[in-house]
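Asker: Okay, sequence plus prediction incoming.
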Amino acid sequence: MNVFIVIPSLSYRGGERYAYNLARGLINEGHNAYIVVGRIEPHSMKVSSPVKLITSLPLLNIFLQNNLTYFFLTFPVIFTLLIVYAKPGSIIDSESGFCLWASLIAAKLKRCKVVLTV
């Protein structure tokens, strides 16, 4: 089973550690786990193999470091990444906010299941 764990940004906060530990646990159970992030903040935690990180292009990530730009572009970035990478039948685990709406719409279009983590 492919599981996409969606978080708005990767830094050192608790949500990121939760997503990483969840992905590692799913991989240990034999699933494919991916962490999808809108941006990677400077000095963020490192995601190591076998967990796969899906993020935007490096140049776009630099642009997203500005909080105002990030606010307006989080939804389209997350939505685009899910449309490109999610396969029908996958599970998308999403947090609230922009990630939630992008995940719900992408899941409907790609015929995926959604788990909401609030």
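Answerer: Nice, thanks for sending it over.
Asker: And the helix or strand containing Val36, what does it pack against?
Answerer: Per DSSP states H and E, Val36 falls inside strand 32-40. On a contact count with 3 or more CB pairs under 8 Å, 6 or more residues apart in numbering; DSSP states H and E, strand 32-40 meets strand 2-10, helix 14-28, strand 52-54, helix 67-85. Heads up, the C-betas are built off the backbone N, CA and C, glycines and all.
Asker: among those, which is the most enclosed?
Answerer: Comparing these by mean neighbour count (mean count of other CB atoms under 10 Å), strand 2-10 ranks first with a mean of 23.
Asker: re earlier: quick one: average pLDDT of the strand holding Val36?
Answerer: Averaging pLDDT along strand 32-40 yields 93.
Asker: Could you check how many residues crowd around Gly89?
Answerer: 11 (other CB atoms under 10 Å).
Asker: circling back to that earlier point, could you save the helices and strands packed on strand 32-40 as CSV and add columns showing distance to Lys113 and mean pLDDT?
Answerer: Shown next, in CSV, are the helices and strands packed on strand 32-40 (distance: least, CB to CB, whole Å; pLDDT from 0 to 100):
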stretch, distance to Lys113, mean pLDDT
strand 2-10, 10, 92
helix 14-28, 14, 91
strand 52-54, 18, 94
helix 67-85, 13, 93
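Asker: Tell me which of those sits nearest to Ser94.
Answerer: Minimum separation from Ser94 across the helices and strands packed on strand 32-40 (CB to CB) falls at strand 2-10, 4.3 Å.
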